[in-house]
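Colleague: Generate coordinates for the sequence data below:
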Amino acid sequence: MLNKTKWDGKYFIYLILILAVIISLYFIFIKKPSEPQFKKEGEVTFYKILNRHFVKKVDIEVANNYDERMQGLMYRTKMDEDNGMLFIFEYPDIKSFWMKNTILPLDIMFIDSIGVIDTIYRHTTPYSEKLVWSRKKVQFVVEMNTGWSDKNGVNEGDLIEFKVDGK
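Modeller: Model (predicted):
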């Protein structure tokens with residue numbers, strides 16, 4: 001005669017192990033973390049500084065608090081050509097950015113408190129932990145897809161203006 005208690009306990013352990021494996025496989029292969037989606041929160045307009053000649057207007061997401069600035073464009077696999085992110089800081093300071101957990105190569109533009117583009121890092125390397133720095137105190141940073149600044153003729157010394165939608 002079988003000991004029913006030992007028999008049931010053995011199957012219970014097997015059942016728990018099988019469920020743990022199934023749940024793990026579900027999260028590994030089926031349920032992926034959702035990729036952050038672009039949400040238009042404003043616009044940035046680029047101008048040539050010498051004659052204020054209009055260059056381009058783009059839609060942007062805004063990162064104006066610590067958590068949003070830390071997240072930035074990490075984990076995104078795509079972004080439309082004329083979309084980007086505007087980082088707004090409370091006060092001007094020397095700023096640095098990196099590409100850790102950032103899949104998209106980007107152009108990173110450091111901008112002073114009056115809107116002049118101080119430094120542009122073009123074609124940054126995805127996942128890089130190398131810091132890129134502003135040359136002087138800046139208050140804003142704009143990130144666009146890699147090659148965007150070359151394609152649109154945006155250079156250091158050019159100007160931006162931005163409008164933020166109710167944020």
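
Colleague: A20 belongs to a helix, doesn't it?
Modeller: Yes. Membership of A20 in a helix is supported by DSSP: H, G, I helix; E, B strand; the rest coil.

Colleague: That one and Y14, how far apart?
Modeller: When distance is defined by C-beta to C-beta, to the nearest Å, A20 is 11 Å away from Y14. Backbone N, C-alpha and C define where each C-beta goes, glycine included.

Colleague: Likewise for K95?
Modeller: Distance, K95 to Y14, using C-beta to C-beta: 56 Å.

Colleague: Name the residue in the two with the higher neighbour count.
Modeller: The residue with more neighbours, out of K95 and Y14, is K95; 23 against 10, by other C-beta atoms under 10 Å.

Colleague: Surely the more buried one is in contact with K136?
Modeller: No. Look at K95 against K136 with C-beta atoms under 8 Å: they stay out of range, at 9.9 Å.

Colleague: what sits against the residue sitting nearest the centre point of the chain?
Modeller: A centroid search over the chain (C-alpha atoms, centre = their mean) returns L73, at 0.8 Å, as the residue closest to the centre. By C-beta atoms under 8 Å, 6 or more residues apart in numbering, the contact list for L73 reads P36, M79, M85, T102, L104, L106, E143.

Colleague: Could you report the neighbour count for the second one?
Modeller: Under the neighbour criterion other C-beta under 10 Å, M79 is assigned a count of 19.

Colleague: same deal with the fifth one?
Modeller: Burial of L104, expressed as a neighbour count using other C-beta under 10 Å, amounts to 18.

Colleague: any idea how the chain splits into domains?
Modeller: Domain assignment for the chain, taken from automatic domain parsing, gives 1-32, 42-164.

Colleague: rank those by mean pLDDT and give me the bottom one.
Modeller: By mean pLDDT, the lowest-scoring of these turns out to be domain 1-32, with a mean of 68.
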